[in-house]
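> This is a predicted model, with the sequence first.
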Amino acid sequence: MSAKTKIVVLHMKELIYTAIFAALGILFVILLVMMFLPDKDNNDAPAPDSDLAETASLYIPGIYTTELVLGSQSIDVEVIVDKNNITSIRMVNLSDAITTMYPLLQPTFDSICEQVYTQQSLDHITYTTDTKYTSLVLLEAIQNSLTKAKGNR
């Protein structure tokens, strides 16, 4: 009875690498199967009423600000909205230096705010030719805040 004994030498480093690559391969196959199989929950049923109510709202309720740089100083135009209305617009961090350097800023802002509150939109806002550029800058800041309020819709 002559049995030939075979000795197999396995390097631990090779075993570890093989185990890691085998685990990654299995994980990759599982990931591919999960990605490309059709989802059972994804059917053509209509959306729930809560989703319809959410998409029907015009804004995401909250406070949205846009920084407005005037010269070397800046102010923040803050717009507060609820689901469907613009509830408040105000200038934050308005210093005396800015009101002194730009005397038409506050009266123009008040005029624009009154129109926005009544119309609930920035469409058809009127302003005088004397305050054209001030009005355009303020309207752009308000529009940027409202764009943030609308989110990714």
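Yep, that arrived.

> Can you list the helices and strands that the longest helix seen in the chain packs against?
The longest helix of the chain (DSSP state H) is helix 12-36. Helices and strands touching helix 12-36, by 3 or more Cβ pairs under 8 Å, 6 or more residues apart in numbering; DSSP states H and E: there are none. Where C-beta positions appear, they are placed from N, C-alpha and C, glycine not excepted.

> Over that helix, what's the mean pLDDT, rounded is fine.
For helix 12-36, mean pLDDT is 93.

> With stretch 91-101 instead?
On average, stretch 91-101 scores 88.

> Span of it from start to end?
16 Å (Cα to Cα, to the nearest Å).

> what's it in contact with?
Thr65, Leu70, Gly71, Gln73, Ser74, Ile75, Asp76, Val77, Glu78, Leu105, Gln106, Phe109 (Cβ atoms under 8 Å, 6 or more residues apart in numbering).

> Distance-wise, check Ile89 relative to Thr66.
In this view, Ile89 and Thr66 are 11 Å apart by Cβ to Cβ, to the nearest Å.

> Looking at those two, which is more packed in?
Ile89 (22 against 18; other Cβ atoms under 10 Å).

> show me where pLDDT drops low in the protein?
1-2, 39-56, 152-153 (pLDDT under 70).

> 50 instead, please
Within the chain, the set of residues satisfying pLDDT under 50 comprises 52-53.

> Run through the strands of it in chain order.
62-70, 73-81, 86-92 (DSSP state E).

> and these, which is most packed in?
strand 73-81 (a mean of 19; mean count of other Cβ atoms under 10 Å).

> on that earlier part again, between Ile89 and Thr66, what contacts are shared?
With Cβ under 8 Å, 6+ apart as the test, Ile89 and Thr66 both reach Val77, Val79, Ile142.

> Could you check how far the second one is from Asp130?
Using Cβ to Cβ, we find Val79 at a distance of 25 Å from Asp130.

> One more: the last one?
Note on Ile142: its distance to Asp130, by Cβ to Cβ, is 20 Å.

> Skipping its backbone neighbours, what lies nearest Lys150 in space?
Tyr59 (6.1 Å; Cβ to Cβ, 6 or more residues apart in numbering).

> Let me know the distance separating the one you found from Asn85.
8 Å.

> higher neighbour count, these two?
Tyr59 (21 against 13).
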